[in-house]
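Peer 1: Sequence and predicted model, in that order:
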Amino acid sequence: MRNWPSWIPDPNAWTSAILLILLMRGLAVVLRVIAQMGDFLIHPSPKLGFILWIFACLSPILLIAVVHHWLYRFLDYYSPTTRSPEIAGTDGFFPGLMSWWEGLYGWMVLTLSVLASNVILVIILPMPEIVYNIHQFWAQTEENLLTLSTLLQAIAAAYLYQFEYFVRQHLISVSSTRQPHQ
């Protein structure tokens, strides 16, 4: 099965981390275009602008849940053995509980990986121009996907997905050893 130590994320964790980063890059481009087009709504109504900002902040949850749902519908149809037997198949048009969990967890992973990469950048960048340097790193990230901040995000996200895997395996093992009530 696994030939490496448990502290190294497995390929599923790396795949989830990379797909999450790619998905969020696409969403960032779409949100930037929508924000530029919707800028005329914000000036006459700051409340509407705030509500749109809240929806923009929460939109990754919806996007990840929908992508997760349809990806697993596709995988269940073409490769049904890829899913763990403890997890039910994906049915229906709308995301189920596990897809919403993946959306929420993916949003949290994205947020924590961005925070972790910023902390590491603060540690390694020269102090006098720290804000300018972090801004430059993020500006380069928007133009080029392969940057130091993206690498740090991917590493942090892979470890967070590995953590979720261990928690899920623990919960599965606990539930399988629990005796039914009589």
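Peer 2: Done, it's in.
Peer 1: Show the contacting residues for the residue nearest the centre of the chain.
Peer 2: By C-alpha atoms, centre = their mean, the chain has its centre lying nearest to residue 106, at 3.1 Å. For residue 106, the contact set (C-beta atoms under 8 Å, 6 or more residues apart in numbering) comprises 16, 20, 60-61, 64, 68. No exception for glycine: its C-beta is placed from N, CA and C like everyone else's.
Peer 1: got CSV for these, with distance to residue 47 and neighbour count too?
Peer 2: CSV is the format used below for the contacts of residue 106 (distance: C-beta to C-beta, whole Å; neighbours: other C-beta atoms under 10 Å):
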residue, distance to residue 47, neighbour count
16, 37, 24
20, 32, 26
60, 23, 22
61, 22, 18
64, 27, 27
68, 32, 24
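Peer 1: Export those to CSV and append columns for distance to residue 102.
Peer 2: Listed next are the contacts of residue 106 as CSV, based on distance: C-beta to C-beta, whole Å:
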residue, distance to residue 102
16, 9
20, 10
60, 11
61, 9
64, 6
68, 4
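Peer 1: From those residues, which land in helices?
Peer 2: If you go by DSSP state H, those have 16, 20, 60-61, 64, 68 in helices.
Peer 1: mind listing the helices for this structure?
Peer 2: According to DSSP H, the helices that the chain contains are 11-37, 39-42, 46-78, 97-124, 130-143, 148-177.
Peer 1: Using TSV, lay out those helices together with distance to residue 5 and mean pLDDT.
Peer 2: Below are the helices of the chain laid out as TSV (distance: least, C-beta to C-beta, whole Å; pLDDT from 0 to 100):
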stretch	distance to residue 5	mean pLDDT
helix 11-37	13	83
helix 39-42	50	69
helix 46-78	28	82
helix 97-124	21	88
helix 130-143	30	58
helix 148-177	11	88
